[in-house]
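**Q** Next input, structure requested:
(chains A and B)
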There are 2 protein chains.
Amino acid sequence: MGKAAVVLLSGGVDSTTTLAIARHEGFRPVTLSFDYGQRHAVELQRAAAVSRHFGVDDHRVVKIGLFGGSALTGDGQVPKGRGAAEMASGIPATYVPARNTIFLAYGLALAEVRGIGDLFIGVTAIDYSGYPDCRPEYIAAFEAMANLATRAGVEGTTRLKIHTPLICMTKAEIIRKGLELGVDYSLTHSCYDPGPDGLACGACDSCLLRLKGFREAGMEDPVAYKT
Amino acid sequence: MGKAAVVLLSGGVDSTTTLAIARHEGFRPVTLSFDYGQRHAVELQRAAAVSRHFGVDDHRVVKIGLFGGSALTGDGQVPKGRGAAEMASGIPATYVPARNTIFLAYGLALAEVRGIGDLFIGVTAIDYSGYPDCRPEYIAAFEAMANLATRAGVEGTTRLKIHTPLICMTKAEIIRKGLELGVDYSLTHSCYDPGPDGLACGACDSCLLRLKGFREAGMEDPVAYKT
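**A** Model prediction:
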């Protein structure tokens, strides 16, 4: 196996495909997931299942506090049944303040502790549901900051590179790529508001983007939905 | 009272003086402390005491996981009795990987949730014990990243400004400034390795910098030390 890389993993379509790409590029992934009191705690089980599927023997879950202010952490309703135009029209209620900054900061910390120079995150600026911290200019700024933040950055031993292999891909392209690389999407989970049985709602932005992606890829989504 | 500002507060000399400066500049501080399993958990009590002293009615403590790799979180020995040259010679064992990046990311999140545009952190590039994430170029890079990360950044409603009022001050200057502004340094705590009674060791880098600062300011440190 090649050199180690930290891969941020929620167990959804994007981060799971990112994990497959990191493996395909020859990296030995260390996966990192976050327990932040999200409604969809089932995603942590999915992240563990996906890690096992790809033979990752090092899956870390960090329990972190967030400050609320998002429908994903229980403040307000998860929007349902929105069309593409509506999703593209602003930052939705499911946005968690500074979430990717906190996630990447932890990724940076783990990379630094382990002497790892590569960090993968499955952000995408297309079909991205309007989150500010998924944009390429944000990722570039984080990478610049990270290389001033660390011992390795100062000593010049390990520079951090943030890999965003999905950033210019549509959901359909991501799914096609993942299938090519052996992703079993029945293991993944995308819903922002699953039922108590873990079944996806089929109506939140994340379910709708996922379903549209599978449709456009000409595939059937192997995950079960509430009917 | 003026507009709100998030002030990162450990309850040590630097962050407490920073809180005094934020107050003096007319801000209404919301203080933010972190419980990360540090050896010196007494600092959380000190942060609460200092917040009360300055009439702060909103002191948040976030419990966060860190990844170890530092003497401050129990990996290895806290170095003792080091001289200034030795402290300046590299990044010490007490460095916590990516700590300020994680702290600032949480500060950013809290600021965003509350619609706050000002964030104070008491970093100093002088007498700074060799931490990479205390340098002005690091802070500037974080601020640039932060303004690409958030809803407010994208929508142009609130830009985040990171205030580092101590960055060019020596410890003695910080202490003189704090006394001018009514800081009661007997409430503060700096030791990396206090005894079970909470008494400062007097020998770690942080105690030595503090003692040197008081000496150079021509003041006596009001805090008790192990003898």
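**Q** Any chance of the backbone angles for the spatially closest residue to A:Thr158 that is not a sequence neighbour?
**A** Excluding its sequence neighbours, the residue lying closest to A:Thr158 (CB to CB, 6 or more residues apart in numbering or on different chains) is A:Ala152, at 3.8 Å. Bear in mind the C-beta positions are built from the backbone N, C-alpha and C, glycine included. Main-chain dihedrals, A:Ala152, degrees, to the nearest 10: phi -70, psi -40.
**Q** and A:Ala152, how many residues sit next to it?
**A** 21 (other CB atoms under 10 Å in any protein chain shown).
**Q** Please report how far A:Ile126 lies from B:Val7.
**A** Distance, A:Ile126 to B:Val7, using CB to CB, to the nearest Å: 39 Å.
**Q** okay, those two: which has more neighbours?
**A** B:Val7 (30 against 13).
**Q** so what secondary structure elements neighbour the host helix or strand of that one?
**A** B:Val7 is part of strand B:4-8, with elements assigned from DSSP states H and E. Applying 3 or more CB pairs under 8 Å, 6 or more residues apart in numbering or on different chains; DSSP states H and E, one finds that strand B:4-8 makes contact with helix B:13-24, strand B:28-35, helix B:99-114, strand B:118-120.
**Q** Now render these as CSV, adding mean neighbour count, distance to chain A and mean pLDDT.
**A** Listed next are these as CSV, based on neighbours: other CB atoms under 10 Å in any protein chain shown; distance: least, CB to the nearest CB, whole Å; pLDDT from 0 to 100:
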stretch, mean neighbour count, distance to chain A, mean pLDDT
helix B:13-24, 25, 18, 97
strand B:28-35, 22, 9, 94
helix B:99-114, 25, 4, 90
strand B:118-120, 24, 11, 97
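**Q** Could you export the ones you listed to CSV, including columns for distance to B:Glu220?
**A** Shown next, in CSV, are the helices and strands packed on strand B:4-8 (distance: least, CB to CB, whole Å):
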stretch, distance to B:Glu220
helix B:13-24, 14
strand B:28-35, 27
helix B:99-114, 30
strand B:118-120, 27
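**Q** And those: which comes nearest A:Asn100?
**A** Closest to A:Asn100 of the helices and strands packed on strand B:4-8 is helix B:99-114 (CB to CB; 9.3 Å).
**Q** Off-centre distance for the closest one?
**A** 14 Å (CA atoms, centre = their mean, to the nearest Å).
**Q** Check which helices and strands it sits against.
**A** Against helix B:99-114 (3+ CB pairs under 8 Å, 6+ apart) you get helix A:99-114, helix A:136-149, strand B:4-8, strand B:28-35, strand B:118-120, helix B:136-149.
**Q** closest to B:Ser51 out of those?
**A** That would be strand B:28-35 among the helices and strands packed on helix B:99-114, by CB to CB, at 4.8 Å.
**Q** Sketch out the low-pLDDT regions of chain A for me.
**A** A:1, A:38-40, A:66-79, A:84-96, A:127-130 (pLDDT under 70).
**Q** Centroid-wise, who is the farthest residue in it?
**A** Distance from the C-alpha centroid of chain A peaks at A:Glu155, with 30.4 Å (CA atoms, centre = their mean).
**Q** Make CSV out of the helices and strands packed on helix B:99-114 and add distance to A:Pro165.
**A** As requested, these are exported to CSV (distance: least, CB to CB, whole Å):
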stretch, distance to A:Pro165
helix A:99-114, 15
helix A:136-149, 12
strand B:4-8, 34
strand B:28-35, 33
strand B:118-120, 32
helix B:136-149, 20
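**Q** what about these, which gets the closest to A:Val223?
**A** Using CB to CB, the helices and strands packed on helix B:99-114 put helix A:99-114 closest to A:Val223, at 23.3 Å.
**Q** and the gap between A:Pro136 and B:Ile121?
**A** Where B:Ile121 is concerned, A:Pro136 sits at a distance of 27 Å (CB to CB).
**Q** Show me which of those two is the more surrounded one.
**A** Neighbours were tallied for A:Pro136 and for B:Ile121 using other CB under 10 Å; the higher tally belongs to B:Ile121 (27 against 13).
**Q** ok now do that one, which residues does it touch?
**A** B:8, B:15, B:18, B:100, B:103-104, B:107, B:139, B:162-164 (CB atoms under 8 Å, 6 or more residues apart in numbering or on different chains).
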